[in-house]
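[1] when you get a sec, could you give me coordinates for this:
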Amino acid sequence: MFKFLKEVVSGSGSGPNNLPYNIGEPYSSAWGSWTHHRGTSKDDGSPVSIFSLSGSNANDGHLAAGRNGVKRLRTVRHPNILSFLHSTEVEAFEGSSAKVTIYIVTEPVMPLSEKIKELGLEGTQRDEYYAWGLYRIAKAVSFLNNDCKLVHGNVCLASVVVTQTLDWKLHAFDVLSEFDANEASMGPMLQYEWLIGSQYKPMELSKSDWATIRKSPPWSIDSWGLGCLIYELFSGMKLSRTEDLRNTACIPKSLLPDYQRLLSSMPSRRLNSSKLVENSEYFQNKLVDTIHFMEILNLKDSVEKDTFFRKLPTLAEQLPRQIVLKKLIPLLASALEFGSAGAPALTALLKMGTWLSPEEFSAKVLPTIVKLFTSNDRAIRVALLQHIDQFGESLSSQIVDEQVYPHVATGFSDTSAFLRELTLKSMLVLAAKLSQRTISGSLLKFLSKLQVDEEPAIRTNTTILLGNIASYLNEGMRKRVLINAFTVRALRDTFPPARGAGVMALCATSSYYDVTEIATRILPNVVVLTIDPDSDVRSKAFQAVDQFLQIMKQYHEKTNVGDTAESTSGISSMPGNASLLGWAMSSLTLKGKHSDQTPIASANSAPLTATVSNASSATDSSNSMQVQVSSRVDIDDQPAPPSPTSTDGWGELENGLIEERESEKDGWDDIEPLEDPKPSPALANIQAAQKRPVSQPKPQATTLRPKTAVKMTKNEDDDLWGSIAAPPPKSTSKSLNLKPSATVDDDDPWAAIAAPPPTTKAKPLSAGRGRGNKPAAPKLGAQRINRTS
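    Predicted coordinates for the structure are as follows:
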C-alpha cells in the first residue's frame, strides 16, 4: 500500500503524474544545482526543456532560490529571455525522508557550451555568430537593468541557452533581485548572492560592500558578468579564477576596448550594456544586420524590402549555413505568411530552401507555401507558379487536390495572358497529383477553353500539355478528348507551331489509339499537313506519317499470322515516342520556347495568321471531310464514348460533329476501292465525254459510288479525285495540227486536250470526273475547233 502511494505521488520514471510532460535524457551541463532535461508534451509530443531542482528539506536555501527563479521567469517576458511554459513542485517520500523537487518547463533549448561544440564554427563565421549571440544577451541584460531596474547577478556562459533557431537566451533567475538604491538600507541587496561563484563576483560584491553597490549604477554587477561571458566564450574554457580575466589574447581587437570597460575596477565607470551594442564595431557585420533587418521588417518601406530580399540569396551564401537554415528561413516563412514580405522574399525562401533536407523542407517551408496560394497578390501568385517545379514534387496529392488546385485554377481565366500561361505550365507538375474527378470535371474544361485562346503561344502549350498529361486520363476520357483536341483543333490552328505541336502530341500519344482510329481519324488529318506552308510542320507531318504507317504495318503483319488478340486493343508506340514526349516537355519547361515568348507571339500573331490563312483555308475543307469519315467509323464500329453531356469542351465538339456528319454522306467511298485496276486512258476519255448519265453500267472505278453525292466544292472534288484521274498528255502542241476524227463530237469536253496546257490541275481533273457539270465551251477550246473545221 505504501509503495502504491509513493508511485502516485512521485510518478513514474517519465516524471510526476501532475506534470503534463515526459522527462527525457539530461544534458551534461546546467546552471547551478539545476538539472536540464530534454522533454516532450504528453498532448502533442512537441519538444520542451525541463529544469529540475531537488532538495531534502522544504526550507533548503537552494529550493528557496529556485522558487524565486520560477517566480521571476514567469513574470519577466522578453524575446531574449527564456520563455516559461509550466512549473510544479512535487514532494516525494523516500523511506522516512521527504524529497522536494521543483520542475520548470520551458521552450526547447540547449546549453550554449554544448551548442558551440555541435556547430563547430571557425573564423569569420564563428565571430559573426558570437556577435549575434552577444548582441541578444546584451539586449536582455539592458532590459533587466535599465527598464526593469533588476539585477541578474550571475551572467555567465552557464546562464545562456540556445533555442532551435540558434537564438541565445538568458535564464538562471535564482539570484535575480530588484536594484535597491536606498543608501539607508543595511541588509544585502541580493538575497541569494551566495549562489554566485567567487570567480564571477566583482570586487565590491566579493567584499559584500553593499553601500558601494547601492551607489553604483544598476548595470555595474551585470556588466561585469558580461565581461566574464565574453572571456569564457572566446577562450573556450570555463572561468576558474578572477585573475584570468586579464588574459586578453583571445579577445577580438574590435571588441577589446569595450571588454576592458566592462571589467573596470570602478563600478561607476563600467560600460552600460545598452552602450555596448550601440558603440562597438564588433557588432557591425552582415549576420547581425541581416537578422536585425528581418526582425524589424514591419518598420521598413516596400523599396527597402524589395532591395533587401533581392540581395538576400547571394548574401545568405556568405553567412553560416546553420544560421541560415535554422534562423533566416523561419523568419522568412513567418514574414511571408503574415504579409510583411513580398514576392522577392518567396524567391529567396525557395533558394535557401534547397539547402534543407526533404523532411525539413516539408516541415519549415511547405506549410507557408500552401498558405500563400490563397493570396490575392498577383506578384505572389506569379512567383509561386514560376518556381512550382522546386516544391511541387514535395506536395502531397491530397494537399494539391484540396488546397492548392482550387486557387491555382483561377489563373486559367485571368485577364493576364502571362498568368494564364504560367498556370497552364504549372499543370505539368500538379496534374499527376490531381484526382480523376478534378481532371475530368475541372482541368479539361479549362484546357478546352485555352485551346482556343487568343494568344497563339497559349494554344500551342495547351496542346503540348495535353500530350504530356495523357497518361493521367482514364481510357474513356482519352478516347473522347485526345483525337478531337489534336486533330480538330490543333492541326487546324492558324499558328504553325500549334499545328506542329498537334502532330508531335499525336506521335507522343500513339500508344493510346487503336488501328481503326489511326487509319480513319489520325492519318487522314496528318497527311494534309505534308503540304503545309510551314517547313517545320511538314517535317513533323512526314515523321508522324512514317510512325503511324509503321504501326499499321505491324498490325498487318500480326493479322497475316493470325495474331490479332492485342492489335485491336492498342498498338505499342514506336521507339521514337520517348524523344517526342521529351520534346513536348522541354518546349513547355525550358525558356526561349513558345511559352516564354508570349509577348512576341501575341504581337506577331496577326502576321502569322495572315501568312497561313490561305493554306489553312485550302486544307480546312479536306480536313472536314476526313473528320467526317473518322466519326462515321467510330459510330459504326466502336462503342460510343462515355459521358456525352460532358462539359470538358471536346465532348461537345465531337457530338456536334457527329450530328453534322450524320446529316450528309461522306465522300470517302469514292477512293476506298484503291485495289481495283485503273481505267485505261481511252476508257477515261469515254467517261469524260459523257454529257449526262446514261442507263448503261458504269466502269468499275465508279460503280462503288453512293447514290447520294456528297456536297463539296469544286476544289474539294478535284483534290479527292486527283489521285486516280488520268494524267494529262505530255505533248499537246502537236494535237493542235491534227484533224479531228469523224467519231469525235464537236462538244466533246476532252477536245480541251488540243488546247495549251492549263495553268492548274483543277480544270482538267474536274472535266475528267464526268460529274454532270458541263464546262464552258470557250475554256475547253471546242469553239475554236469548230471554226477551224
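[2] in the helix or strand containing Leu384, what's buried?
    Secondary structure assigned from DSSP states H and E places Leu384 in helix 378-386. By neighbour count on 16 or more other Cβ atoms under 10 Å, the buried set for helix 378-386 is 380-386. From N, CA and C alone the C-beta is placed, and that goes for glycine too.
[3] against which helices or strands is that helix packed?
    Secondary-structure packing of helix 378-386 (3 or more Cβ pairs under 8 Å, 6 or more residues apart in numbering; DSSP states H and E): helix 343-353, helix 366-372, helix 417-430.
[4] return the angle between stretch directions for that helix and helix 343-353.
    If you take axes from the mean of the first three to the mean of the last three Cα atoms, to 10 degrees, helix 378-386 sits at 30 degrees to helix 343-353.
[5] helix or strand next in line after helix 378-386, which one?
    Next along the chain after helix 378-386, taking DSSP H and E as the criterion, comes helix 388-391.
[6] what sits up against that following helix?
    350, 353-354, 361, 365-366, 369, 426, 429-430, 589 (Cβ atoms under 8 Å, 6 or more residues apart in numbering).
[7] alpha carbons of stretch 431-442, as PDB, please.
    What follows is stretch 431-442, C-alpha atoms only, in PDB (Å, rounded to 0.1, in the frame of the first residue of the first chain):
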ATOM      1  CA  ALA A 431      -1.600  17.100 -62.800                       C
ATOM      2  CA  ALA A 432      -0.100  13.900 -61.600                       C
ATOM      3  CA  LYS A 433      -1.400  14.600 -58.100                       C
ATOM      4  CA  LEU A 434      -5.000  15.500 -59.100                       C
ATOM      5  CA  SER A 435      -7.900  13.100 -58.800                       C
ATOM      6  CA  GLN A 436      -9.800  11.800 -61.800                       C
ATOM      7  CA  ARG A 437     -12.800  13.800 -60.700                       C
ATOM      8  CA  THR A 438     -10.800  17.000 -60.700                       C
ATOM      9  CA  ILE A 439      -9.200  16.300 -64.000                       C
ATOM     10  CA  SER A 440     -12.400  15.400 -65.900                       C
ATOM     11  CA  GLY A 441     -14.600  17.900 -64.100                       C
ATOM     12  CA  SER A 442     -12.400  21.000 -64.000                       C
END
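[8] pull out the buried positions in it.
    Buried-residue list, stretch 431-442, by 16+ other Cβ under 10 Å: 431, 433-434, 438-440, 442.
[9] of those residues, closest to Ala501?
    Among the buried residues of stretch 431-442, Ala431 lies closest to Ala501 (Cβ to Cβ), at 17.2 Å.
[10] tell me the contacts of that closest one?
    439, 443, 465, 469, 472.
[11] how about the contacts made by the last one?
    Which is Tyr472. Contacts of Tyr472 by Cβ under 8 Å, 6+ apart are 431-432, 434, 439.
[12] most widely separated two among these?
    Using Cβ to Cβ, the pair of the contacts of Tyr472 lying farthest apart is Ala432 and Ile439, separated by 10.2 Å.
[13] list the residues that contact both of the two?
    Common neighbours of Ala432 and Ile439 (criterion: Cβ under 8 Å, 6+ apart): 469, 472.
[14] coming back round to it: farthest-apart pair in the buried residues of stretch 431-442, please.
    Within the buried residues of stretch 431-442 (distances taken as Cβ to Cβ), the two that end up farthest apart are Lys433 and Ser440, at 15.2 Å.
[15] confirm His36 sits in a helix?
    No - His36 is assigned strand when assessed by DSSP: H, G, I helix; E, B strand; the rest coil, not a helix.
[16] near it, how many other residues are there?
    For His36, the count of nearby residues is 23 (other Cβ atoms under 10 Å).
[17] ok, it to Ala140 distance?
    Taking Cβ to Cβ, to the nearest Å as the measure, His36 falls 19 Å from Ala140.
[18] what does Val365 give?
    From Val365 to Ala140 the distance is 30 Å (Cβ to Cβ).
[19] over to Val303?
    Val303 sits 32 Å away from Ala140, taking Cβ to Cβ as the criterion.
[20] what do you get for Ser357?
    According to Cβ to Cβ, Ser357 and Ala140 sit 32 Å apart.
[21] try Ile399
    In terms of Cβ to Cβ, Ile399 sits 40 Å off from Ala140.
[22] same thing with Leu529?
    With Cβ to Cβ as the criterion, Leu529 and Ala140 are 75 Å apart.
[23] considering the buried residues of stretch 431-442, which is situated nearest to Pro267?
    Lys433 (66.6 Å).
[24] what residues sit buried inside stretch 501-513?
    Buried residues in stretch 501-513, counted by 16+ other Cβ under 10 Å: 501-510, 512-513.
[25] how about stretch 286-296?
    287-288, 290-291, 293-294.
[26] mind checking the pLDDT average for stretch 241-260?
    Stretch 241-260 comes out with an average pLDDT of 92.
[27] cool, and stretch 556-575?
    Mean pLDDT, stretch 556-575: 60.
[28] hang on, isn't Leu297 packed against Lys305?
    Yes - at 6.9 Å, Leu297 and Lys305 qualify as touching, with contact defined as Cβ atoms under 8 Å.
[29] any residues in contact with both of those two?
    By Cβ under 8 Å, 6+ apart, the residues touching both Leu297 and Lys305 are Ala341.
[30] next up, the contacts around Leu157.
    With contact set as Cβ under 8 Å, 6+ apart, Leu157 has these partners: 112-113, 229, 232-233, 238.
[31] re the thing from before, which one's more surrounded, Ser357 and Ala140?
    Higher neighbour count among Ser357 and Ala140: Ala140, with 24 against 9, using other Cβ under 10 Å.
[32] so Asp174, which state does it fall into?
    Asp174 - assigned by three-state DSSP - is coil.
[33] same check, this time on Tyr103
    Tyr103 ends up strand, using three-state DSSP.
[34] and the pLDDT for it?
    Tyr103 is given a pLDDT of 94.
[35] what does Leu482 give?
    pLDDT for Leu482: 93.
[36] count of neighbours near it?
    Neighbour tally, Leu482, other Cβ under 10 Å: 22.
[37] I'd say it and Ser511 touch.
    No - judged on Cβ under 8 Å, Leu482 makes no contact with Ser511 at a distance of 11.2 Å.
[38] tell me the two of the contacts of Ala431 that are most distant?
    Farthest-apart pair in these is Ile439 and Leu465; separation 12.0 Å (Cβ to Cβ).
[39] how close does Trp132 sit to Pro252?
    Applying Cβ to Cβ to Trp132 and Pro252 gives a distance of 14 Å.
[40] hmm, I typed the wrong one, I wanted Ala181.
    35 Å.
[41] swap in Leu319?
    For Leu319 relative to Pro252 (Cβ to Cβ), the value is 18 Å.
[42] what do you get for Met266?
    24 Å.
[43] cool, and Pro217?
    Taking Cβ to Cβ, one finds Pro217 at 26 Å from Pro252.
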